[in-house]
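# Structure for the following, please:
(2 chains)
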Amino acid sequence: NAGVTQTPKFQVLKTGQSMTLQCAQDMNHEYMSWYRQDPGMGLRLIHYSVGAGITDQGEVPNGYNVSRSTTEDFPLRLLSAAPSQTSVYFCASSHRQDSSYEQYFGPGTRLTVT
Amino acid sequence: AQKITQTQPGMFVQEKEAVTLDCTYDTSDPSYGLFWYKQPSSGEMIFLIYQGSYDQQNATEGRYSLNFQKARKSANLVISASQLGDSAMYFCAMRAFMNSGYSTLTFGKGTMLLVSP
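Next comes the predicted model:
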């Protein structure tokens, strides 16, 4: 199993550009989520999904869109990038039946908006 | 709302010594879970250890143990016999349930551990 994969690993955008961060998992996990990590802070939840076709907002959703058309994929879209969105983005997945709800993280995408 | 507090921004330890990383939490949920993750300089998040609120014994995983004191709402990570490869950022996190029933994680701000030879 590849686990959770994210592409790209690094990205530089100009203010106002749009892009999609890709996330895929091959563990058949129902739950998927996107976090961002800023310096001096832990990870904060952006959006999450409990299954295909079902998404909801987390703690910091503004400026981001998500959709979940398949169990495997959960892309994160930046509609109009802003410097405040410079961050490291992590995708994570977990199995609904796992009593600990352990989350498996992807390797992260480092995004810089100039 | 859940909250995780890690009061040590940085910790230093010598190789082969034990070190304790502090974590306190706040929640009104009777059922919760606590996690520790390691983030090396390469950036990935590595799961270390988990403790459920109803677990009777403290969790252990190799050189890692979780000192769980429920009444004090603390879940400290103990690393025995530190190694140079333990140098990393360490995050304490708590399982949090959203309105939809989905379980996510609330993270502390982290503790940077540096292990010296």
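
# Which residue is the nearest non-sequential neighbour of the residue of chain A found nearest chain B?
In chain A, the residue that lies nearest chain B is residue A:42 (2.9 Å; Cβ to the nearest Cβ). For the C-beta atoms, the positions are set from N, CA and C on the backbone; glycine is no exception. Distances taken as Cβ to Cβ, 6 or more residues apart in numbering or on different chains place residue B:107 nearest to residue A:42, at 2.9 Å, with adjacent residues excluded.

# Provide the partner residues of that neighbour in its beta bridges.
For residue B:107, the beta-bridge partners are residue B:93 (DSSP bridges).

# Kindly report the same for residue A:37.
On the basis of DSSP bridges, residue A:37 is bridged to residue A:43, residue A:88.

# Now for it, how many residues are close by?
By other Cβ atoms under 10 Å in any protein chain shown, the residues close to residue A:37 number 22.

# The one 5 residues further on now?
Around residue A:42 there are 21 other residues, counting by other Cβ under 10 Å.

# so what's it up against?
Shown in contact with residue A:42 (Cβ atoms under 8 Å, 6 or more residues apart in numbering or on different chains): B:4, B:91, B:93, B:107-110.

# Would you mind listing which of these are buried?
Buried members of those, counted by 16 or more other Cβ atoms under 10 Å in any protein chain shown: B:4, B:91, B:93, B:107-108, B:110.

# Name the secondary structure element that contains residue 96.
Answering for chain A, as no chain was given. Using DSSP states H and E, residue A:96 sits in no helix or strand.

# The chain in question should be chain B.
Assigned by DSSP H and E, residue B:96 belongs to strand B:88-97.

# Quick check: mean pLDDT of that strand?
Regarding strand B:88-97, the rounded mean pLDDT is 91.

# List the contacts of it.
The contact list for strand B:88-97 (Cβ under 8 Å, 6+ apart) reads A:42-43, A:100-101, B:2, B:4, B:6, B:21, B:23, B:25, B:27, B:29, B:32-41, B:45, B:48, B:75, B:77, B:103-108, B:110-113.
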